[in-house]
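In: 3D, please:
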Amino acid sequence: MNKKIVVFGATGNLGAYIAVHMKEQGYDVIAVGHRKNDNNFFADRGIPYYSVDIKDPNSFDILPLEDVYAVAHFASSLPSRYAFDPIELFESITIGTLNVLNWMQKLNCKKIVFPQTPSDMAKYHNQEGLIPGDVPRHFPLTGDHAIYTIAKNAAVDLMEHYRAEYGIHFFALRFFTIYQYHPNAYHYADYKRRMMPYRMLMYRASKSLPIEIWGNCKKKKEMVYVKDFVRLVQACIESDKEGGVYNCGNGWQVSLEDQIKGIIEVFSPKDRPSEIIYCPKKPDPLQNAFDMTRTFEDFPTYRPEYSYLDQLRDFKKEMKEEPMAQLWGTKDDYTE
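Out: Numbers count the residues shown, from 1 in each chain. As a prediction, the model looks like this:
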C-alpha cells in the first residue's frame with residue numbers, strides 16, 4: 001500500500017505543487033484547503049480534496065483518521081498575499097498549527113513538514129557571510145513581517161514541544177522566495193499592493209523596455225525554484241532524521257546583474273532586447289546566502305536540478321501554458 005500524506009494548504013502557491021508532485025511520486029495524497037471548491041482540480045488528478053478551516057478544530061472531523069504517514073502543513077495567511085491582519089496571521093499560523101498537531105496526535109502521525117520564514121534570522125540578512133541554520137531564532141521588531149515571524153516562531157516552538165512530548169518529527173524549511181509562475185503577479189509589501197519586482201522585470205523585458213540595475217550589481221541572493229523545492233519536501237517526508245529547522249537554498253546564489261541579464265535573455269524579443277542602465281548610486285539590492293551544510297548532509301538525495309536560466313525558461317513555459325488555471329485561474333483574472 002502506498003504511503004498516505006496529507007497536504008494542508010493544497011490550493012496555495014506551494015501546496016498545489018507539493019500535492020501534485022507527491023502524487024506523481026506514487027504517494028496516496030489527500031489535499032486539504034480552505035476553499036470550498038477546488039474546481040475539481042485535485043479529483044481530475046486522482047487526489048481527494050477536503051475543505052477545512054485549520055483555525056477550527058471541529059473542521060478536521062471530515063478528514064480520514066487512519067494510516068496517515070506524514071503531513072505537509074503549508075496552510076496559513078501570508079503578509080505578502082493579503083491586506084495586513086495581525087489576528088488572522090496569528091490564528092491561521094500558530095493556532096492552526098496547534099490544531100494540525102493535535103489532529104496528528106489522534107492519528108498517531110509522526111512527521112510534519114512546515115514552511116518557516118527567513119525573518120527569524122533577520123539580523124543576518126544583507127551580510128557578507130552565510131545565514132546560519134542552527135543559531136537562536138529571533139524576530140524583527142517592526143514592519144509587516146514582525147507579527148508574522150512571531151507567529152511562525154511560536155508554531156516552530158509548538159513542534160519542538162510535540163517532538164519532545166510525543167515523538168513527532170518536524171522539518172521546518174526556512175526559505176526566501178520560492179520562484180514559480182502564478183497568474184497573480186501582485187503581492188503586498190509594506191502594507192501596499194504592488195506587482196512583484198521580478199514579475200515587473202519580466203514584463204519590462206517582454207516589452208523591450210529599459211531596465212535599471214540599482215546599487216552594487218554584484219550582490220547575490222538565493223533563487224530557489226518550486227520544482228526543486230518540492231523535491232526537498234519529498235526528501236523530508238522520506239527522511240529517517242529527527243528533523244528540526246533547515247535552510248532551503250541552492251548552495252549557490254545569483255547576482256542582481258545576472259538576474260537581469262537572464263530575464264532579458266529569456267523574456268525579451270531576440271531582435272529587441274531590453275537596454276540595461278546601471279545606477280550604482282541608487283540603493284543596493286538585498287543580499288542573502290544560506291549555509292546549506294546541514295541540509296545537504298541530512299538530505300543527500302536533494303540537490304537543485306534547475307539552473308537560474310532553467311528556472312526562467314520553465315517559468316516562461318508555465319506562463320504560456322497556465323498548468324494551474326483550473327485551480328487558480330489565468331493572468332486575465334488578476335489584471336488591475
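In: could you tell me how many residues sit around Asn2?
Out: 11 (other C-beta atoms under 10 Å). For every residue, glycine as well, the C-beta is placed using N, CA and C.
In: leaving out chain neighbours, which residue sits closest to it?
Out: Asp28 (4.4 Å; C-beta to C-beta, 6 or more residues apart in numbering).
In: isn't that neighbour up against Val7?
Out: No: Asp28 is not in contact with Val7 according to C-beta atoms under 8 Å; the separation is 11.5 Å.
In: of the two, which one has the most company?
Out: Between Asp28 and Val7, Val7 has the larger neighbour count (other C-beta under 10 Å), namely 34 against 18.
In: mind pulling up the pLDDT for that one?
Out: Looking at Val7, its pLDDT stands at 98.
In: just Tyr82 next, same as before
Out: pLDDT for Tyr82: 61.
In: what ranges does the stretch 51-200 of the chain have for its strands?
Out: 68-73, 111-116, 169-174, 178-179, 186-189, 192-195 (DSSP state E, counting those that start in this stretch).
In: and the residue nearest to Asn2, what are its bridge partners?
Out: Note on Asp28: beta-bridge partners by DSSP bridges are Lys4.
In: partners of the helix or strand of the chain with the lowest mean pLDDT, with directions?
Out: Within the chain, confidence by mean pLDDT, DSSP states H and E is lowest for strand 186-189 among all helices and strands, at a mean of 80. Here strand 186-189 is paired, per DSSP bridges, with strand 192-195 (antiparallel).
In: roughly how far out does the partner strand sit from the chain middle?
Out: 19 Å (C-alpha atoms, centre = their mean, to the nearest Å).
In: ok, and what's touching that strand?
Out: Strand 192-195 has contacts (C-beta atoms under 8 Å, 6 or more residues apart in numbering) with 83, 185-188, 203.
In: narrow the residues you listed to just the buried residues.
Out: 185-188 (16 or more other C-beta atoms under 10 Å).
In: now stretch 103-119: buried residues?
Out: In stretch 103-119, counting by 16+ other C-beta under 10 Å, buried: 103-104, 107, 109-119.
In: can you measure across it, start residue to end residue?
Out: The straight-line separation of the ends of stretch 103-119 (C-alpha to C-alpha, to the nearest Å) is 28 Å.
In: roughly how far is it from the heart of the chain?
Out: 15 Å.
In: which of the contacts of strand 192-195 sits closest to Ala146?
Out: In terms of C-beta to C-beta, no member of these lies closer to Ala146 than Tyr188, at 14.4 Å.
In: tell me how far that closest one lies from Ser119.
Out: Using C-beta to C-beta, to the nearest Å, Tyr188 is found at 15 Å from Ser119.
In: tell me the helices and strands packed up against the top helix by length along the chain.
Out: Assignment by DSSP state H gives helix 146-166 as the longest helix of the chain. Where contact means 3 or more C-beta pairs under 8 Å, 6 or more residues apart in numbering; DSSP states H and E, helix 146-166 is packed against helix 86-90, helix 96-107, strand 111-116, strand 169-174.
In: still on that earlier bit, for the residue nearest to Asn2, list the residues it contacts.
Out: Counting by C-beta under 8 Å, 6+ apart, Asp28 touches 1-5.
In: state the phi and psi torsions of Met196.
Out: The phi/psi pair for Met196 (degrees, to the nearest 10) reads phi -60, psi 140.
In: ok, now Gly251?
Out: Main-chain torsions, Gly251, degrees, to the nearest 10: phi 90, psi 0.
In: residues near the closest residue in space to it that isn't next to it in sequence, how many?
Out: Distance criterion C-beta to C-beta, 6+ apart; nearest residue to Gly251, sequence neighbours excluded, is Met292 at 4.8 Å. When counting by other C-beta under 10 Å, one arrives at 23 neighbours for Met292.
In: for Gln311, give me its contacts.
Out: Listed by C-beta under 8 Å, 6+ apart, the contact set of Gln311 reads 179, 223, 225.
In: for the last one, give its distance to Ser307.
Out: This means Tyr225. 9 Å.
In: where does the prediction get shaky in the stretch 51-200 of the chain?
Out: 79-83 (pLDDT under 70).
In: swap in 80 and give it another go.
Out: Scanning the stretch 51-200 of the chain for pLDDT under 80 picks out the ranges 77-84, 144, 187-192.
In: about what we covered before: out of Tyr225 and Ser307, which sits in the busier spot?
Out: Neighbour count, other C-beta under 10 Å: between Tyr225 and Ser307, Tyr225 has more, with 21 against 15.
In: related to what we said a few turns ago, model confidence score at the residue nearest to Gly251, please.
Out: pLDDT, Met292: 98.
In: show me the helices in the chain, by range?
Out: Ranges of helices within the chain are 13-24, 86-90, 96-107, 146-166, 197-206, 226-238, 256-267, 293-298, 308-321, 325-328, based on DSSP H.
In: right, I'll call it a day here.
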